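Peer 1: this is the structure alone, sequence omitted:
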């Protein structure tokens, strides 16, 4: 039976032989030259890009591209709204719907319907009151109540907040929006005036006469004239080489 000492001696002999074989192989591979040391410095880990800084309010995107954003005040009869979404999707258009919280309360399925169509959802306050005349606390409540509904229905508060009953966000509104978790308030540079129900031809003219690359267009769900105008608007955009995309895509966010 081998002793403990003999085991150690045999192990040392095997290790020495293995080392000699490895050295011989290395010398042969290098044709007699000294092997070059292999660098072991780890590769740098790529850094994730930080979000592009945005001002407190955004009204349009880049003017040098071919993309525009159609944005819709999210309210109205869900059946009419589904018709509009179907019209948009048949043309490959992606849009941004600024949802009112009470509209989502009335028909929660609209949140998923919008997202499942490849569009995006934003926050347009809970009750669509005159947010510019509210106290900071009341404005914050309007923003966060809608945000909570969006989070509950979709898992996200949405990328954008648009103030209600005003085109531009005051410093107070911008501050409450940031506090609620939004990077920027979303305004627009082109108003379709469809909420006045001027007829589909007038809505089409308002959009196509004022559209520019990078434009953010204000439109509304819940209006028959808007649905009727959409095929002509989409055809007109296509003829100008303009593509309707979500606000997040337009702004590269």
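Peer 2: Received the coordinates, thanks. Owing to the predicted nature of the structure, the values given are computational and were not obtained by experimental measurement.
Peer 1: how many residues are close by residue 239?
Peer 2: Number of residues near residue 239 (other CB atoms under 10 Å) recorded here: 9. The way it works is simple: take the backbone N, C-alpha and C, and place the C-beta from them, glycine included.
Peer 1: do residue 171 as well
Peer 2: Residue 171, neighbours per other CB under 10 Å, totals 9.
Peer 1: separation between it and residue 143?
Peer 2: Counting by CB to CB, to the nearest Å, the gap from residue 171 to residue 143 is 15 Å.
Peer 1: what of residue 111?
Peer 2: 17 Å.
Peer 1: low-confidence ranges in this structure?
Peer 2: The chain contains residues with pLDDT under 70 at 1-53, 253.
Peer 1: where along it do the helices fall?
Peer 2: 4-29, 78-90, 101-106, 109-116, 136-154, 171-179, 200-210, 224-239, 247-250 (DSSP state H).
Peer 1: distance to residue 160 for those - can I get that in CSV?
Peer 2: CSV is the format used below for the helices of the chain (distance: least, CB to CB, whole Å):
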stretch, distance to residue 160
helix 4-29, 61
helix 78-90, 18
helix 101-106, 15
helix 109-116, 13
helix 136-154, 11
helix 171-179, 9
helix 200-210, 20
helix 224-239, 20
helix 247-250, 6
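Peer 1: so which of the ones you listed gets nearest residue 161?
Peer 2: helix 171-179 (4.6 Å; CB to CB).
Peer 1: now the closest one against helix 136-154, angle please.
Peer 2: For helix 171-179 against helix 136-154, the angle by axes from the mean of the first three to the mean of the last three CA atoms, to 10 degrees is 40 degrees.
Peer 1: may I see the buried residues of helix 171-179?
Peer 2: 173-174, 176-177 (16 or more other CB atoms under 10 Å).
Peer 1: could you export these to TSV, including columns for distance to residue 235?
Peer 2: Listed next are the buried residues of helix 171-179 as TSV, based on distance: CB to CB, whole Å:
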residue	distance to residue 235
173	36
174	37
176	40
177	35
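Peer 1: pick the most deeply packed of the helices of the chain.
Peer 2: helix 247-250 (a mean of 20; mean count of other CB atoms under 10 Å).
Peer 1: from the contact counts, what lies against it?
Peer 2: In terms of contacts (3 or more CB pairs under 8 Å, 6 or more residues apart in numbering; DSSP states H and E), helix 247-250 is packed against strand 67-74, strand 120-123.
Peer 1: now with 6 Å, please.
Peer 2: strand 67-74 (3 or more CB pairs under 6 Å, 6 or more residues apart in numbering; DSSP states H and E).
Peer 1: neighbouring strands for the strand it packs on, and are they parallel or not?
Peer 2: strand 96-99 (parallel), strand 216-220 (parallel), strand 243-244 (parallel) (DSSP bridges).
Peer 1: quick one: which of those is nearest residue 150?
Peer 2: strand 96-99 (6.8 Å).
Peer 1: pull out the buried residues from that closest one.
Peer 2: 96-99.
Peer 1: neighbours around the residue nearest to residue 88 when sequence neighbours are not counted, how many?
Peer 2: Spatial nearest neighbour of residue 88, chain neighbours left out: residue 95 (5.8 Å); criterion: CB to CB, 6 or more residues apart in numbering. As a burial measure, residue 95 scores 23 neighbours (other CB under 10 Å).
Peer 1: and the gap between the residue nearest to residue 174 when sequence neighbours are not counted and residue 139?
Peer 2: Nearest residue to residue 174, sequence neighbours excluded (CB to CB, 6+ apart): residue 56, at 3.9 Å. Separation of residue 56 from residue 139 (CB to CB) stands at 14 Å.
Peer 1: what sits against the closest residue in space to residue 114 that isn't next to it in sequence?
Peer 2: Among residues not flanking residue 114 along the chain, residue 97 sits closest, at 4.9 Å (CB to CB, 6+ apart). By CB atoms under 6 Å, 6 or more residues apart in numbering, the contact set of residue 97 is 72, 74, 114, 119, 121.
Peer 1: kind regards, and thank you for your time.
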